[in-house]
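Engineer: Pasting a predicted model and its sequence here:
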Amino acid sequence: MKPFSTLCFSLLILSCTTNSTETLSEILSDSPVIKGNTNYLNSPYVTAGDRVYMVGHQNGSFPDLGWHIKGEMGGIWNHPIKLMDGFDAQIVVANDTLTLNNAIEFVNYPMANMHRFEWPEKEIEVKRWQFVPDGQEGMLVQFEITSANNVPAATFEFIGHTDLQPTWLGEETQMIDAKDQGTFENNKWIVKDTNNPWFSIFGSDRNPNEHDTFTGDGNGASNSLSYSIKLKTSSPNTLTFAIAGSYTSKENALNTYNAILENFHAMASQKKQRYGELAEKSKLTIPDKELQQTFEWLKYNCDWLVRTVPEIGTGIGAGIPDYPWWFGVDSEYALKGYMAIGQDNIVNQTIQLLDSVSNAVNGNGKILHEMSTNGFVFNKGNINETPQFASLIWEIYTWNGDKQFLEKYFPTVQKGLVWLMEENDSNGNLFPDGFGMMEIHGLNSEMIDVAAYTQRAFDDASKMAMELDQTNLAEEYASAAKELALKINTELWSDDFGSYADFLGTDEQAIHLIEDAIVRADTLNKPWAIEELETTKAQIQHNPSKKLKPFVLHHNWVVNTPMEMKITDSSKAIIGLDTAKKFTNPFGVFVTGIDRDDSAGKDFGSFEGSKVFSYTGAVMTLPTGVLAVAENNYGRPDDALDYLERMTRTFSYALPGSIYEVSPDYGMMTQAWNIYAYAIPIVQQFFGIQPMASQKKVIITPQMPKKWEEGAKLENVAVADNTISISYKKGEQGMQVEVIQSNPEWTVQLEFPKSTYEIVEGDAETTTTGSKTVFTSTSQKIVVHQSKS
């Protein structure tokens, strides 16, 4: 999403039919809406935009939040700077005051939110609405005040707590915070950082009667605006505030401020329409309406995480509030899901950002891990990110069919694979050494997830090379992929545990890790884990070896990545998948299996995390989604759906309309890779959409869970210049599948397990192999069902 130019925005206003006197609540009157749980009013929410976003508590307050910049991750951000810690508002009637920081209700919309306050003694109700326009360095806050009695004289006071400061690691790019200084100009406050061109502006659509400045600690500034108001029973009194900023100039901040106050009706209507279009893409209709709603809102969540800093680029952030910047691996999972729900523009922008910055800081194909919005790269890359980038490029190419896209990024893939094997495989056994997904101290030898993603990278790179007519290279990559698959299945599998090993390493390394793990298990009171770890330690000591060996110590979720990548043979896969079920609770899969105990299977309560942010004891959506993908890979859609249902129990648990990073209510309140956990199992596996856009072909291999067989529909799935809609239902004669495509130049290839099927509508060529029946058609509509015979 690019910021509106003046011309584009003028055209938008001219074309908009919205009444310019409408309030935000009226504009949103027919939007999707979810009310929050009153038990979570003292927990975070986000009002999202691609330039600016606001984080506070659902009760309307702005407490200190976050740990990346301790206590500063809440408030209003315009990356790479913070604009405000937040604001206070209050109503004064006679000598009584209602401070608007203890809402009795929070309501979330896809593109906005509302807090409701009550003053029973005065029979006054206040609703605070807010949203962030697309492409704008500012936001709108609107108060609607209603009263059961006429109040001829009241005061409304708004206090803005400006805190212009750099984002995380700002000092690395010479962004040094200084004292903020406010100036009251033309009925609004303009606040500037005294040593930097950083500005924050706030004011309303009416003239204040008074203004004031408050002294405080630190470099921030607090300034107030007071308004005389009258409350009538006949209609609400509405006050509209704009908050804007800039990290480059006062002029830019003023232009944004004026544009929002004058044109927020058009801005809100445009964003509402855009969100409606997001909902229509890959539109899911299933019997489980809660899961259906979850899938719809995850599309909105995806948009909440778009982060634009024009001087650097646009890409998805990992999560809010503490990971609003750009990550390699988070994007490599999430963008596959983004593509499956039709949000291809941000996919391309994020890949461009990761590729360009990674090449600038590494230059060898290694993909960065974490980058702040000021442009500073904190971690230049873990090992797994580089092979996962290769697979991401191939996956996106299957959807867009754009040969120029492939040609642009294949050199990075080639360099990355050379770096991966030449600089990180010192013993030449094809297993790169180094940290993968598990950030456990010392767990950086030959990791199972790095091995699995490396195998997949070579397999996908082989396909890319073939597309680019590099036959010899394709054969070389295919040979490496084949050898790696064999080695993973023989050298990293443990029959004793019915699982892949966490890593391949030395006895010495394993003993150190076991000792640390025993301390962890003891701290968490997991006696079964202590017993298992001590048994493993004794076995190692009684059978010493200087050779590298596979070790199962932590039961980390990454042991399931070979099944996710479909590397495992079926017999091992079923054993491994059944083993994985032991390390779950009602919300999903434990990050580290030794954290599980006997109560985990039935614990539906809140996650009790440590005071210092930690993933110890965590159940997370990514590990759960990986297992859903893996179950589908081996023909077990009912088991895959079970994992989706577990994650869905956390939807709106704490923040209405969102799924937390750590289940059900800990860590980031919204997380990018959640869409991977849903879109891949639903779009590409249950409905079976496997695009090959370069061939203008879509292969469809549906495998519906039994709970959806009575009727399931997925509409408007975008594949390059085509869209696919599929409906699936069980009739008297058996299953019936209907496929509609918008572009008749494309081929649809419907594949089923071998059975008796027939064409009901459309033209198709039918072929039967030893294991399946295939219908190949260029018709815009094809209907196939099981015949009676």
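Structural biologist: Alright, I've got the coordinates. Numbering: from 1, shown residues only.
Engineer: So, low pLDDT: which residues of this structure?
Structural biologist: 1-20, 598-602, 788-789 (pLDDT under 70).
Engineer: what's the nearest residue to the residue positioned nearest the centre of it if we skip its chain neighbours?
Structural biologist: Closest to where the C-alpha atoms of the chain average out (Cα atoms, centre = their mean) is residue 672, at 1.1 Å. Nearest-residue entry for residue 672: residue 334, 3.9 Å, with adjacent residues in sequence omitted and distances by Cβ to Cβ, 6 or more residues apart in numbering. Where you see a C-beta, it was placed from the backbone N, CA and C, and this is true even at glycine.
Engineer: for the one you found, helix, strand, or coil?
Structural biologist: helix (DSSP: H, G, I helix; E, B strand; the rest coil).
Engineer: got a list of what it touches?
Structural biologist: 302, 316, 672, 673, 674, 675, 676 (Cβ atoms under 8 Å, 6 or more residues apart in numbering).
Engineer: let's see 6 Å
Structural biologist: By Cβ atoms under 6 Å, 6 or more residues apart in numbering, the residues touching residue 334 are 672, 673, 675, 676.
Engineer: could the residues you listed be laid out in a markdown table, adding distance to residue 615 and secondary structure?
Structural biologist: Formatted as a markdown table, those follow (distance: Cβ to Cβ, whole Å; DSSP: H, G, I helix; E, B strand; the rest coil):
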| residue | distance to residue 615 | secondary structure |
| --- | --- | --- |
| 672 | 16 | coil |
| 673 | 14 | coil |
| 675 | 20 | helix |
| 676 | 18 | helix |
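Engineer: Just the buried residues of stretch 562-572, please?
Structural biologist: 562, 563, 564, 565, 566, 567, 568, 572 (16 or more other Cβ atoms under 10 Å).
Engineer: again with stretch 728-736
Structural biologist: Buried-residue list, stretch 728-736, by 16+ other Cβ under 10 Å: 728, 729, 730, 735, 736.
Engineer: Tell me the helix or strand right after the top strand by length along the chain.
Structural biologist: Identified as the longest strand of the chain according to DSSP state E is strand 151-166. Counting by DSSP states H and E, the element after strand 151-166 in chain order, helix or strand, is strand 180-185.
Engineer: so what are the domain limits for this structure?
Structural biologist: 6-278, 687-786 (automatic domain parsing).
Engineer: how distant is the shortest one from the center of its chain?
Structural biologist: Per Cα atoms, centre = their mean, to the nearest Å, the displacement of domain 687-786 from the mean C-alpha position of its chain is 29 Å.
Engineer: just the first one next, same as before
Structural biologist: From the chain centre to the centre of domain 6-278 is a distance of 25 Å (Cα atoms, centre = their mean).
Engineer: And stretch 117-132, end to end?
Structural biologist: This stretch, stretch 117-132, spans 22 Å end to end (Cα to Cα, to the nearest Å).
Engineer: Give the buried residues for the longest helix along the chain.
Structural biologist: Assignment by DSSP state H gives helix 250-280 as the longest helix of the chain. Residues of helix 250-280 classed as buried by neighbour count (16+ other Cβ under 10 Å): 250, 252-257, 259-261, 263-272, 275, 278-279.
Engineer: and the angle for that helix with strand 180-185?
Structural biologist: 90 degrees (axes from the mean of the first three to the mean of the last three Cα atoms, to 10 degrees).
Engineer: so after helix 250-280, what's the next helix or strand?
Structural biologist: Taking DSSP H and E, what comes next after helix 250-280 is strand 283-285.
Engineer: Show me what that next one is packed against.
Structural biologist: In terms of contacts (3 or more Cβ pairs under 6 Å, 6 or more residues apart in numbering; DSSP states H and E), strand 283-285 is packed against strand 712-719.
Engineer: Can I get the following helix or strand past the strand it packs on as PDB, trimmed to CA atoms?
Structural biologist: Next along the chain after strand 712-719, taking DSSP H and E as the criterion, comes strand 722-731. The C-alpha trace of strand 722-731 is given here as PDB (Å, rounded to 0.1, in the frame of the first residue of the first chain):
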ATOM      1  CA  ASN A 722      -7.500 -16.200 -12.900                       C
ATOM      2  CA  THR A 723      -9.800 -16.800 -10.000                       C
ATOM      3  CA  ILE A 724     -11.000 -20.100  -8.700                       C
ATOM      4  CA  SER A 725     -14.100 -20.900  -6.700                       C
ATOM      5  CA  ILE A 726     -14.800 -24.400  -5.300                       C
ATOM      6  CA  SER A 727     -17.800 -25.800  -3.600                       C
ATOM      7  CA  TYR A 728     -17.900 -29.300  -2.100                       C
ATOM      8  CA  LYS A 729     -20.800 -31.100  -0.700                       C
ATOM      9  CA  LYS A 730     -22.100 -34.600   0.000                       C
ATOM     10  CA  GLY A 731     -25.200 -35.700  -1.900                       C
END
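Engineer: Give me the residues contacting strand 722-731.
Structural biologist: By Cβ under 6 Å, 6+ apart, strand 722-731 touches 687, 698, 702, 704, 709-717, 736-743, 746.
Engineer: Of those residues, select the buried ones using a PyMOL command.
Structural biologist: The PyMOL command for the buried members of those (criterion: 16+ other Cβ under 10 Å) is given here:
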select buried, resi 687+698+702+704+712+713+714+715+716+717+736+737+738+739+740+741+746
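Engineer: ok, the residue nearest to the centre of the chain touching residue 318?
Structural biologist: Yes - counting by Cβ atoms under 6 Å, residue 672 does reach residue 318; the two are 5.4 Å apart.
Engineer: Show me the common contact partners of those two, please.
Structural biologist: residue 330.
Engineer: Distance of the nearest residue to residue 662 once chain neighbours are set aside relative to residue 46?
Structural biologist: Spatially, and ignoring its direct neighbours in sequence, residue 662 is nearest to residue 618 (4.6 Å; Cβ to Cβ, 6+ apart). For residue 618, the distance to residue 46 (Cβ to Cβ, to the nearest Å) stands at 21 Å.
Engineer: Could you check which of the two has the larger neighbour count?
Structural biologist: When residue 618 and residue 46 are compared for neighbours, residue 46 comes out ahead with 24 against 20, by other Cβ atoms under 10 Å.
Engineer: ok, the more buried one - contacts?
Structural biologist: Contacts of residue 46 by Cβ under 6 Å, 6+ apart are 53, 55, 320.
Engineer: if you set the cut-off to 10 Å instead, what comes out?
Structural biologist: Going by Cβ atoms under 10 Å, 6 or more residues apart in numbering, residue 46 touches 53-56, 74, 108, 113, 132, 301, 304-305, 320-321, 324, 655, 658, 668-670.
Engineer: distance of the residue nearest to residue 672 from residue 102?
Structural biologist: From residue 334 to residue 102 the distance is 36 Å (Cβ to Cβ).
Engineer: And residue 540, by the same measure?
Structural biologist: 57 Å.
Engineer: quick one: which of the two has more around it?
Structural biologist: residue 540 (18 against 15).
Engineer: about what we covered before: residue 355: which of the buried residues of stretch 562-572 is nearest?
Structural biologist: Relative to residue 355, the closest of the buried residues of stretch 562-572 is residue 565; by Cβ to Cβ it sits at 22.4 Å.
Engineer: thinking that closest one is in contact with residue 450, fair?
Structural biologist: No - between residue 565 and residue 450 there is no contact, the gap being 11.7 Å when judged by Cβ atoms under 10 Å.
Engineer: Can you show me the helices along the stretch 551-700 of the chain?
Structural biologist: 561-564, 570-580, 621-633, 637-648, 674-679 (DSSP state H, counting those that start in this stretch).
Engineer: my bad, the stretch 1-150 of the chain
Structural biologist: 6-15, 24-27.
Engineer: do the stretch 201-350 of the chain as well
Structural biologist: According to DSSP H, counting those that start in this stretch, the helices that the stretch 201-350 of the chain contains are 250-280, 289-304, 328-340, 344-361.
Engineer: could the ones you listed go into CSV alongside distance to residue 65?
Structural biologist: Below are the helices of the stretch 201-350 of the chain laid out as CSV (distance: least, Cβ to Cβ, whole Å):
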stretch, distance to residue 65
helix 250-280, 24
helix 289-304, 16
helix 328-340, 20
helix 344-361, 25
